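Colleague: I would like to see how this sequence folds:
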Amino acid sequence: MAPTDPLLQTATDSIGGWIDAAVAAGWLDASAHERLEATRLSTPADLFDAAERPLVVGLFGGTGVGKSTLLNRIAGQDIARASAERPTSTRVTAYLHQSRHLDRLPADFPMQRLNTAIHHEDRWRDVLWLDMPDIDSVETEHRMLTLAWLEFIDVVVYVVSPERYRDSEAWTVLREHGREHAWMFVFNQSDRGQSEQVADFGRMLGAAGFADPAVFATSSAPGAESPEDDFKTLVITLTELADRQLIDDLARRGVTERVATLFQLADELAGPGLQSMGPDDSLPASWAPVWHKESPPLTSALRAQAVSVVAEGHEGMSAGSAAKALVDEAAVARVDTLIGAFLQQLDTQGALPRAAAQRGLAQWRQQVPAAMESAVTGAVGESLARPGTPLQRFAITLCSLLSGVLPLAALAWVAWRVVAAFQSGVTDATAYLNVNFAITAVMLVGIAWALPWWLGRRMQPDPKATLQRGLFTGIDRALERTNDEFTARLQDLQDTRSHLHTTLTEARQQVGDAVLPGKRRGGAGLLPEPLRRLMTTDA
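Modeller: I've put the predicted structure just below:
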């Protein structure tokens, strides 16, 4: 049943939308929807169409404490069946003025277990009385029926007897929602008990959060009231509570508490993963020291594997085949294990739920092997295309140039010597060249060619060293790319978390600081005097 109060409806819509977004992103489990649906959000006003509704008073208690007898005494007629021996109250009895009507009830309410007694007493015109089944009954349906009605109650009249006032079962169940109601306590059948029991009951209530509990001792023999019988005071107090202003004050208190319960549920669901965290606790910041510590041994392990790939490889190994040999299942497993361990740590800490990590990272983690292989392939290809160091490549180029230039220079010198000797031979017969010159010329030209050629050959890079250098570079690139991509994905998850946190913060601001958990949400000091004694100071 949707809340009729605008503030409560706003809070419900806000929290519901926040849960939808968090579940869709994997930050919350789908059971969060069920927890929201199970949260009690109805108010007494939801039972009536009229703006000026009656005060809803529920009589609760254990078996045989005299709830029905007390209601009959208040009504002045037998409207509820009473028994002190066993739980015969299997229905809810509503005692309602003829001018009032129960206009709305949830569709799943067990209407067959509701008795309605109409009266004409004007003094109770603004009070709807509900006699509830025994909450400590062995029949679990009784408790479920009682709890189903509890959220529609303004004032809980908790009835005990001398024999049952220390029973904790009923009290524990009702007190879970203590701040949502006003509380009155009736020590019924007090003429069969002792005054010390009433005082002991008051001390118990004080320990439970009621600084000055409203306890009324009533007799089991209504026809013979004693001076100690507080029945008239009880009736007067209930009559005062039926004042229109006090009903509105109770309604506001109930709405405030229900809104606070919604945000308390949101905080419980959020946990550390969606709560406000400092920059040092961001997901990328958490990953940085892990990578700084674990990447060096990971790099060393992959480089050792690269050395094995080169040693076992064959001449002319292509960049692709070398990358495939390096980026095998074992290499990918090393990287994935590191990432998986970090995500498991975040999940254990509550900082990143497993479902959110799977939705945000599953596709990327499947692409890691291909991305690593691509990075290694590119680096090896570059290394094979430009083998050796820059100095080596310069020296080889120089030797190649000299192997062509120096022989030409030597031939030019030989030619010049031949021409010069021919010219001199015209006047000097001894100027002609001999065999020794021919041998020297051949040797000079040969050395001019052979020396740079030999040096160039000697300086040629080792193909295996070139391949290994490319693999090493590829490893560095692949790991750097993996780190960058993983950090970016973590930042996306961090942005989602920040958005969800901001959404929840804005929802709080929308309903106002007065309903935030942890504050004195409508505390006793903010209530009119007649209500202060009736409200617990402890949730």
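Colleague: how much space between the nearest residue to residue 114 once chain neighbours are set aside and residue 213?
Modeller: Nearest non-adjacent residue to residue 114, counting by CB to CB, 6 or more residues apart in numbering: residue 92, 5.2 Å away. For every residue, glycine as well, the C-beta is placed using N, CA and C. Remark: distance between residue 92 and residue 213 (CB to CB, to the nearest Å) = 25 Å.
Colleague: picking that back up, contact partners for the residue nearest to residue 114?
Modeller: Listed by CB atoms under 8 Å, 6 or more residues apart in numbering, the contact partners of residue 92 are 113, 114, 115, 130, 131, 132, 133, 145, 149.
Colleague: Give me the buried entries from those residues.
Modeller: Neighbour-count burial (16 or more other CB atoms under 10 Å) is assigned, among those, to 114, 130, 131, 132, 133, 145, 149.
Colleague: By pLDDT, give me the weakest of those residues.
Modeller: Ranked by pLDDT, the buried ones among the contacts of residue 92 bottom out at residue 145, which scores 77.
Colleague: could you point out which element follows the host helix or strand of residue 19?
Modeller: For residue 19, the element it lies in under DSSP states H and E is helix 6-24. Using DSSP H and E, the next helix or strand after helix 6-24 towards the C-terminus is helix 31-38.
Colleague: What pairs with the helix or strand just after that next one, parallel or antiparallel?
Modeller: Later in the chain than helix 31-38, the nearest helix or strand by DSSP H and E is strand 55-61. Neighbouring strands of strand 55-61 in its sheet, by DSSP bridges, are strand 127-131 (parallel), strand 155-160 (parallel).
Colleague: Run through who's touching the last one.
Modeller: Same thing as strand 155-160. The contact list for strand 155-160, computed with CB under 8 Å, 6+ apart, reads 55-62, 65-67, 70, 150, 167, 170-171, 174, 181-188, 201, 238, 241, 250, 534.
Colleague: before we move on, the earlier item: would you list the buried ones among the contacts of residue 92 in a markdown table and tack on secondary structure and distance to residue 503?
Modeller: Output for these, formatted as a markdown table (DSSP: H, G, I helix; E, B strand; the rest coil; distance: CB to CB, whole Å):
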| residue | secondary structure | distance to residue 503 |
| --- | --- | --- |
| 114 | strand | 40 |
| 130 | strand | 39 |
| 131 | strand | 44 |
| 132 | coil | 39 |
| 133 | coil | 41 |
| 145 | helix | 37 |
| 149 | helix | 34 |
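Colleague: hmm, back to that, take the strands paired with strand 55-61 and write them to a markdown table, including distance to residue 40.
Modeller: Output for the strands paired with strand 55-61, formatted as a markdown table (distance: least, CB to CB, whole Å):
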| stretch | distance to residue 40 |
| --- | --- |
| strand 127-131 | 16 |
| strand 155-160 | 14 |
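Colleague: Ok, which of those comes nearest residue 477?
Modeller: Nearest of the strands paired with strand 55-61 to residue 477, taken as CB to CB: strand 155-160 at 69.7 Å.
Colleague: Which residue ranges of the stretch 101-250 of the chain form helices?
Modeller: 140-150, 169-175, 195-207, 231-241, 244-274 (DSSP state H, counting those that start in this stretch).
Colleague: Do you have the strands of the chain handy? List them.
Modeller: Along the chain, the segments classed as strands by DSSP state E run 55-61, 92-97, 114-119, 127-131, 155-160, 182-187, 215-217.
Colleague: Show me what the third one is packed against.
Modeller: Meaning strand 114-119. Applying 3 or more CB pairs under 8 Å, 6 or more residues apart in numbering; DSSP states H and E, one finds that strand 114-119 makes contact with strand 92-97.
Colleague: in its sheet, what does the strand it packs on sit against?
Modeller: strand 114-119 (parallel), strand 127-131 (antiparallel).
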